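A.B. asks: Mind looking at a prediction? Sequence and model below.
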Amino acid sequence: MKRLTDERTKILFEKLAKYIGPNVQQLIDRPDGTYCFREHRDRVYYVSERILKLSECFGYKQIVCVGTCFGKFSKTNKLKFHITALYYLAPYAQYKVWVKPSFEQQFLYGNHIPKSGLGRITENAGQYQGVVVYSMKDLALGFGILARSTTECKTADPLTTVCFHQSDIGEYIRAEDSLF
């Protein structure tokens, strides 16, 4: 496990700020200890410093993963969050989207959210803002990027896409081999 480079750290924190805003500090300094981000084979892991110290006695090739995988860097240095980060990001999400019960299954199959599938949306969310997608029962389903701002959503056509699909809890089944 190695530290992220300055460039990759900047990319990670910009992406985190897109979803949870100023709450990034609460993700690092938690009541149960200090947490940090480490990189292993282009994947970013969120790990307790206590567990990180225990893992230092193992070699690079012996470690599969330590902590929770937050995402993976592509060859072009872009970060894509994995669904495993949802549990940690959902409580701190600045902007949220709720989908209607009739559209939950479609979102879990990887489809974008049209206005007809939108239940509620957080006020004052801008276009291309990162959001956490919830069911109407407040169960976190995944991540998305708003295709339209909140004000544009009010006047949009029912078939217009309002939220682009990024990741959902259905990936645990669809991509179980590549998540970790």
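C.D. replies: Received it, and whenever you're ready, just let me know what you need. Residues are numbered from 1 along each chain as shown.
A.B. asks: give me the number of residues near residue 55?
C.D. replies: Neighbourhood size, residue 55 [other CB atoms under 10 Å]: 16. For glycine as for every other residue, the C-beta is placed from the backbone atoms N, C-alpha and C.
A.B. asks: ok, for it, nearest residue in space, not its chain neighbours?
C.D. replies: residue 66 (4.6 Å; CB to CB, 6 or more residues apart in numbering).
A.B. asks: how deep is the one you found tucked in, by neighbour count?
C.D. replies: When neighbours are defined as other CB under 10 Å, residue 66 has 19 of them.
A.B. asks: Could I get the pLDDT score of residue 164?
C.D. replies: Listed pLDDT for residue 164 reads 95.
A.B. asks: can you confirm the residue nearest to residue 55 is in a strand?
C.D. replies: No: counting by DSSP: H, G, I helix; E, B strand; the rest coil, residue 66 is not found in a strand; it is coil.
A.B. asks: Test my guess that it contacts residue 40.
C.D. replies: Yes: between residue 66 and residue 40 there is a contact under CB atoms under 8 Å: 7.4 Å.
A.B. asks: Now the common contact residues for these two.
C.D. replies: residue 1 (CB atoms under 8 Å, 6 or more residues apart in numbering).
A.B. asks: how is this protein carved up into domains?
C.D. replies: Residue ranges of the domains in the chain are recorded as 2-88, 95-175, according to the TED database.
A.B. asks: quick one, which of the ones you listed is packed in tightest?
C.D. replies: domain 95-175 (a mean of 17; mean count of other CB atoms under 10 Å).
A.B. asks: for the protein, what's the longest helix?
C.D. replies: For the chain, the longest helix by residue count, based on DSSP state H, is helix 6-20.
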